[in-house]
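Novice: Sequence and predicted structure below; questions after.
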Amino acid sequence: MIGLLQIQNPITSPGTGSFTTHSIEILLICLGMFLLGWFMHQLIYGQKRMNMINELEKQLRSTKSRITNLEGDLESCNAAIVKVKGENAAMGAQLSRFEREGSRPVLDHGLEFPDISSPEEVVAETTPQIDDLLIASLAADIAGAGMIAFDAQTAEGVFGKPVREDDLQLIEGIGPLTAELLQNHSIHTWRQLGSTSVPQIQSILEQGGEKFGSLNPSSWPKQARMAADGEWTKLREYLDFLHGGNSDELGSNPDHGQIGEESGSDDLTKIAGIGRKVQMLLYGQSINRWSTLANTDVNHLREILHAAGERFRSHDPATWPKQAQLAAAGRWDELQNYQDSLNLDR
């Protein structure tokens, strides 16, 4: 028994095996211990790494969600800023008008404003109650309450088609998608649009993406103020000098080539999807009448746009002939309803 328990020395007493055999056995035992230790290490610390990775992925998802929420908050803040700036501009204009006229406007509540010569005197001389009523009165003025009543019959007589109150698409250069974009930024009425500066409108268009980048809103506030004040004849005359909403003060200068019956051309920008540049492109192809456009094959229109370059290839002329057919026939109500049903813009 004692002999069996004695540990053999593989060098001096290799037993029945050779030195090489015992050396290989020892190496295998060491390798097995190493592999066992490596496996235990991976089992213990690998699980910790997996837990850490899962935690980091969870934090990443949470961070992305917070970024999305912050972007939504930023969009809301930008819209609120635009709205407040528009209201401030309208209030400043109203106060300036009061100063110029030297009037003493009376509120519905029976209270009368004192004479004022500067906005600072309003703060110094009015009571909190009158201040509140002033704000309410100016806010109502911004919304159009108490102003000139909308006369649909007169508007229809001037434009030759029904006109809806505060329809932003009445403004030359604004189509369904642009109107929706403005409404998403709290511009719902002509008076609100008229109180918004051109840089503010351009900022809204930039937020809308590349498809709004070609629009020129320089004349929109002026048009909107005319509509809000019911100056239909003046607006109609002004629209005759505009091309796709561009504020070129053409006046009576014949060198500008007014579009209409006298020049032998129709205003193709009335077709949703056609702006000033596309109109000039079609004019160059002798497509200068609604009736001509109505009889032009859609594939031919695509060829014209494709040949004009990259900036024109994104336009889809699929509905242009049908719209032009309605315009040529003077069926403006049907054209308006058809454009409203399309995901198009001018």
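Specialist: Happy to help now that I have it.
Novice: Skip the chain neighbours and tell me the closest residue to I174.
Specialist: L168 (5.2 Å; Cβ to Cβ, 6 or more residues apart in numbering). (Glycine included, C-beta is placed from N, CA and C.)
Novice: Ok, D167 next?
Specialist: A179 (8.0 Å).
Novice: Outside of the helix or strand hosting the one you found itself, which residues are in contact with it?
Specialist: Element membership of A179, judged by DSSP states H and E, is helix 176-184. Applying Cβ atoms under 8 Å, 6 or more residues apart in numbering, the external contacts of helix 176-184 come out as 79, 167-169, 174, 188, 193, 201, 204-205, 208, 211-212, 215, 272, 339-340, 342-346.
Novice: From the chain's centroid, how far away is that helix?
Specialist: 7 Å (Cα atoms, centre = their mean, to the nearest Å).
Novice: Following element in sequence after that helix, please.
Specialist: Helix 176-184 is succeeded, C-terminally, by helix 190-194 (DSSP H and E).
Novice: Does anything pack onto that following helix? Which helices or strands?
Specialist: helix 128-143, helix 220-228 (3 or more Cβ pairs under 8 Å, 6 or more residues apart in numbering; DSSP states H and E).
Novice: After that helix, which helix or strand is next?
Specialist: helix 198-208.
Novice: tell me the angle that following helix makes with helix 176-184.
Specialist: Put simply, helix 198-208 runs at 110 degrees to helix 176-184, going by axes from the mean of the first three to the mean of the last three Cα atoms, to 10 degrees.
Novice: would you put the C-alpha positions of stretch 326-338 in PDB?
Specialist: Extracted in PDB, the C-alpha atoms of stretch 326-338 (Å, rounded to 0.1, in the frame of the first residue of the first chain):
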ATOM      1  CA  LEU A 326     -60.800  71.800 -66.400                       C
ATOM      2  CA  ALA A 327     -59.000  75.200 -66.500                       C
ATOM      3  CA  ALA A 328     -59.500  75.600 -70.200                       C
ATOM      4  CA  ALA A 329     -63.200  74.900 -69.700                       C
ATOM      5  CA  GLY A 330     -63.500  77.400 -66.900                       C
ATOM      6  CA  ARG A 331     -64.600  74.700 -64.500                       C
ATOM      7  CA  TRP A 332     -62.800  76.300 -61.500                       C
ATOM      8  CA  ASP A 333     -64.900  74.600 -58.800                       C
ATOM      9  CA  GLU A 334     -64.100  71.200 -60.200                       C
ATOM     10  CA  LEU A 335     -60.500  72.100 -60.600                       C
ATOM     11  CA  GLN A 336     -60.300  73.300 -57.000                       C
ATOM     12  CA  ASN A 337     -61.900  70.100 -55.700                       C
ATOM     13  CA  TYR A 338     -59.600  68.000 -57.800                       C
END
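Novice: Which segments of the protein make up each domain?
Specialist: 72-147, 149-254, 264-346 (automatic domain parsing).
Novice: related to what we said a few turns ago, among the contacts of helix 176-184, name the buried ones.
Specialist: Buried residues within these, counting neighbours by 16 or more other Cβ atoms under 10 Å: 79, 167-169, 174, 193, 201, 204-205, 208, 212, 215, 272, 339, 342, 344-346.
Novice: so of the residues you listed, which ones are in helices?
Specialist: If you go by DSSP state H, the buried ones among the contacts of helix 176-184 have 79, 193, 201, 204-205, 208, 339 in helices.
Novice: what about S186, neighbour count?
Specialist: 16 (other Cβ atoms under 10 Å).
Novice: Contacts only, for it.
Specialist: With Cβ under 8 Å, 6+ apart, S186 has these contacts: 79-80, 82-83, 192.
Novice: Throw these into TSV and include distance to D316 and pLDDT, thanks.
Specialist: Converted to TSV, the contacts of S186 look like this (distance: Cβ to Cβ, whole Å; pLDDT from 0 to 100):
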residue	distance to D316	pLDDT
A79	29	74
A80	35	78
V82	30	75
K83	33	75
Q192	31	92
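Novice: Most neighbours among those residues, which one?
Specialist: Q192 leads the contacts of S186 on contacts (other Cβ under 10 Å) with 25 neighbours.
Novice: Just give the nearest non-adjacent residue to that one, would you?
Specialist: Once flanking residues are discounted, Q192 sits nearest to G86: 6.0 Å by Cβ to Cβ, 6+ apart.
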